[in-house]
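Student: Okay, structure incoming, though there's no sequence with it:
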């Protein structure tokens with residue numbers, strides 16, 4: 001795992017995994033957590049690619065996905081900016097949470113756990129998380 005900085009962001013890249021997916025996920029997380037502010041300009045594709053030492057097409061692919069998610073907008077001649085809409089970010093966060101919850105429950109069900117089992121494990125995890 002390598003740490004590389006681009007602008008104010010630090011990326012942790014595993015060179016054995018698809019880089020575009022890692023860049024995309026880490027950008028989504030930074031936006032969802034508010035580490036990149038609403039309306040903030042992000043590095044150009046070329047700048048990001050140079051900073052991360054990856055192919056510009058890799059960054060371009062990630063940026064296109066972010067725009068499809070509604071998390072960024074490209075302004076001709078100005079660059080790429082994080083959406084200024086808190087509603088879009090919140091909607092993305094909620095859709096992501098629902099997807100993660102469905103995946104988690106489906107995975108637990110595949111191993112034969114009941115809803116009561118799943119709820120118990122979640123409560124145990126919540127208790128441990130509160131005390132950490």
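Tutor: Looks like it arrived, so ask away. These numbers come from a predicted model, not from an experiment.

Student: ok, now which ones touch the most centrally placed residue in the chain?
Tutor: With distances taken as C-alpha atoms, centre = their mean, the residue of the chain nearest its centroid is residue 28 (2.5 Å). Residue 28 sits next to 66, 69, 71, 92, 96 when contact means C-beta atoms under 8 Å, 6 or more residues apart in numbering. For every residue, glycine as well, the C-beta is placed using N, CA and C.

Student: Confirm it sits in a helix?
Tutor: Yes: counting by DSSP: H, G, I helix; E, B strand; the rest coil, residue 28 is located in a helix.

Student: Test of understanding: give the bridge partners of the closest residue to residue 22 other than its chain neighbours.
Tutor: Spatial nearest neighbour of residue 22, excluding adjacent residues (C-beta to C-beta, 6 or more residues apart in numbering): residue 13 at 5.6 Å. Residue 13 forms beta bridges with residue 2, as assigned by DSSP bridges.

Student: Would you mind stating the distance between residue 13 and residue 34?
Tutor: Distance from residue 13 to residue 34, counting by C-beta to C-beta, to the nearest Å: 22 Å.

Student: higher neighbour count, these two?
Tutor: For residue 13 versus residue 34, the count of surrounding residues by other C-beta atoms under 10 Å is larger for residue 13: 17 against 11.
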